[in-house]
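Novice: predicted structure and sequence below. I'll ask about it afterward.
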Number of protein chains: 2
Amino acid sequence: MKKLINDPDRVVSDALRGIEAAHPGTLRVDHGNRVVVRADAPVTGKVGVVSGGGSGHEPLHSGFVGRGMLDAACCGEVFTSPTPDQILAADHAVDAGSGILHIVKNYTGDVMNFEMAAELAGAEGIEVASVVTADDVAVADSLFTAGRRGVGVTLVVEKIAGAAAEQGRDLTAVTELARRVADGGRSMGLALTSCTVPAAGKPTFDLADDEIELGIGIHGEPGRERQRIAPAHELAGRLLEPVLADLDFTGAPVIALCNGMGGTPLLELYGMYAEMFERLTSAGIRVVRSLVGNYVTSLEMAGCSITLVRADDEIIRLWDAPVNTPGLRWGR
Amino acid sequence: MKKLINDPDRVVSDALRGIEAAHPGTLRVDHGNRVVVRADAPVTGKVGVVSGGGSGHEPLHSGFVGRGMLDAACCGEVFTSPTPDQILAADHAVDAGSGILHIVKNYTGDVMNFEMAAELAGAEGIEVASVVTADDVAVADSLFTAGRRGVGVTLVVEKIAGAAAEQGRDLTAVTELARRVADGGRSMGLALTSCTVPAAGKPTFDLADDEIELGIGIHGEPGRERQRIAPAHELAGRLLEPVLADLDFTGAPVIALCNGMGGTPLLELYGMYAEMFERLTSAGIRVVRSLVGNYVTSLEMAGCSITLVRADDEIIRLWDAPVNTPGLRWGR
């Protein structure tokens, strides 16, 4: 294992020191609880938006903390759920009395621990609502999940819920919007290589020089099947077909995320996006916003995923609303 | 070679189709010349800011085209200089009669071809100034360079010159600023792995499982020496020492870029930045702005580099000015 780290056991806490040093005006870090908090939280009159999960998927979630997106992100160990205590600490840090939305990827540990934290917060009089993302069409259940896994749509849910909360909407409205985005999103990914979890010290799995894993999860958990590598235009079809078979994306504006798994260069991602865009356009699907890059990652894994989200005018306006986080940043 | 591509010979043109599809409001693509042009260029009354170089370093340069940064980027084949014809086409596309600044990384082919294009443009009555970046302290000359190589500071020069041009400053002022930034920047990088140029089909070099290449260039050209891998805090020192020995960074606000070479995850980059920031602070260096991520890359190479830039209040204001490009985007 060759990595830019000090010690496998310190990877997450070292990264948190770095994110704190790099973004002092945007966020602060509660090192004891490993929670990244928006610098000016709690924001009076605003619903708190909290997410989190295992580390190793950066910029998801810690890189999406800031104005217009998350109020706090709880950072578990690499590919390991944060504990209820961490999540409760995040809730305390952002609670402004207007309620809190938990955005949770559908992994058994995450769902359980966020639920437990919500109960603890509820017992203290903090109103918590939850939205679980489960957009990965690859497998019905998986190693870490009952039901579908939550992947790329999580970024879009965090952006839309964050923008709605920033505009002062109440918990019911923010939750409804987050659920609408989650329900309208589908994803599918593939891997060219495994990643190496620092604490494990060796690759999670092995792929031959001409093999891909289709339907990979973001923790190196198995996908649908191993296949021979093929040209980008063919791979784009293999990713899009199950997504389009699962939900009708015609007749609505669509947000597309062509996501790298961490180790794939932009040159390849843009090439993949070209193929995807062409197929979508031919299928009569109207992509109105797109994001291409390494956003929902699996350490240094090479590969990519596609996420499509059925949007509407309101969702597009919230997507376009200003955001100021390390990983997603734009003004008017 | 396992890559998300159609054909090694089509990698650049395929990526350009993707960047065009993903960013329609921001840029347009001249596919014949492989030039990415700001959507609303030429902008009346504005100095044109043009850069470019070999592909494979994305988001540099094509990802930095847009309001507040580059007016055009010329995309050569992977790790190959763009031709004078491409550069001249870029000049034509952005020329608004207020002159053009070429920002050129110090590689023999780039310097020669940008010079030739500047002469051709000059013969047509277009005023062209040039700034060459040569910030890499690793080696005096290299495989592709007489003098030092131009690397990370190029991003900062493009941002500052782009912001100054956006404010309507004239060619002399924009050029002076770009030169000031270039003169005040120093970089040093290291690689954990090689990258594979698609047309070559195999890694440019090999490193053992416990080896790093210190002082690597962004084309896989050799650095200073091969060393044993070490903990992040030790590697941070090996990168910073030659940078700090080369230029005095005390007594001025500093912009720091902790850059990934393309295949290094953010978790590791933030860990490295934590170590760098601590060392810089201990050395009395005041980092006031920082950027952590994969910005000046070498395909899927794992590794990182540090770039420090001596700034001043004017440069900081221009750094903070709004920018709207695929790779760097922020508002007020």
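Specialist: That came through, no problem. Numbers count the residues shown, from 1 in each chain, chains lettered A, B, ... in the order given.
Novice: how many neighbours does A:T172 have?
Specialist: The tally of other residues near A:T172 (other C-beta atoms under 10 Å in any protein chain shown) stands at 11. (Each C-beta comes from the backbone N, C-alpha and C, glycine too.)
Novice: chain B contacts on the stretch 151-300 of chain A?
Specialist: Contact residues, the stretch 151-300 of chain A versus chain B (C-beta under 8 Å from any C-beta of the partner chain): A:192-193, A:209-210, A:212, A:229, A:231-233, A:235, A:258, A:262-275, A:277-278, A:287, A:290-292, A:294, A:297, A:299-300.
Novice: quick one: the strands in the stretch 1-150 of chain A?
Specialist: Per DSSP state E, counting those that start in this stretch, the stretch 1-150 of chain A carries strands over the ranges A:27-30, A:35-38, A:48-55, A:72-78, A:100-105, A:128-133.
Novice: quick check: which of those strands is nearest to B:L240?
Specialist: Nearest to B:L240 among these is strand A:27-30 (23.0 Å), distances taken as C-beta to C-beta.
Novice: just to revisit the earlier point, I'd like the strands of the stretch 1-150 of chain A as JSON lines, with distance to chain B and mean pLDDT appended.
Specialist: As requested, the strands of the stretch 1-150 of chain A are exported to JSON lines (distance: least, C-beta to the nearest C-beta, whole Å; pLDDT from 0 to 100):
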{"stretch": "strand A:27-30", "distance to chain B": "11", "mean pLDDT": "98"}
{"stretch": "strand A:35-38", "distance to chain B": "11", "mean pLDDT": "98"}
{"stretch": "strand A:48-55", "distance to chain B": "6", "mean pLDDT": "98"}
{"stretch": "strand A:72-78", "distance to chain B": "8", "mean pLDDT": "98"}
{"stretch": "strand A:100-105", "distance to chain B": "17", "mean pLDDT": "98"}
{"stretch": "strand A:128-133", "distance to chain B": "21", "mean pLDDT": "98"}
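Novice: ok, now which ones touch A:T264?
Specialist: Residues near A:T264 by C-beta atoms under 8 Å, 6 or more residues apart in numbering or on different chains: A:L192, A:N294, A:A302, A:G303, A:C304, B:L4, B:E300.
Novice: who wins on neighbours among the residues you listed?
Specialist: A:G303 (30 neighbours).
Novice: model confidence for that one, exactly?
Specialist: A:G303 is assigned a pLDDT of 98 by the prediction.
Novice: what does A:F144 give?
Specialist: For A:F144, pLDDT reads 75.
Novice: tell me the two of the contacts of A:T264 that are most distant?
Specialist: Greatest spacing in these, by C-beta to C-beta: A:L192 and A:N294 (13.7 Å).
Novice: of the contacts of A:T264, closest to A:G152?
Specialist: A:C304 (10.2 Å).
Novice: one step back: narrow the contacts of A:T264 to those in strands?
Specialist: A:G303, A:C304 (DSSP state E).
Novice: closest one of the contacts of A:T264 to A:R34?
Specialist: A:N294 (22.1 Å).
Novice: surely that closest one and A:L257 touch.
Specialist: No: taking C-beta atoms under 8 Å as the definition, A:N294 is not a contact partner of A:L257, at 11.0 Å.
Novice: and the helices in chain A, which stretches?
Specialist: A:11-22, A:84-94, A:108-123, A:153-166, A:171-183, A:232-246, A:266-282, A:313-320 (DSSP state H).
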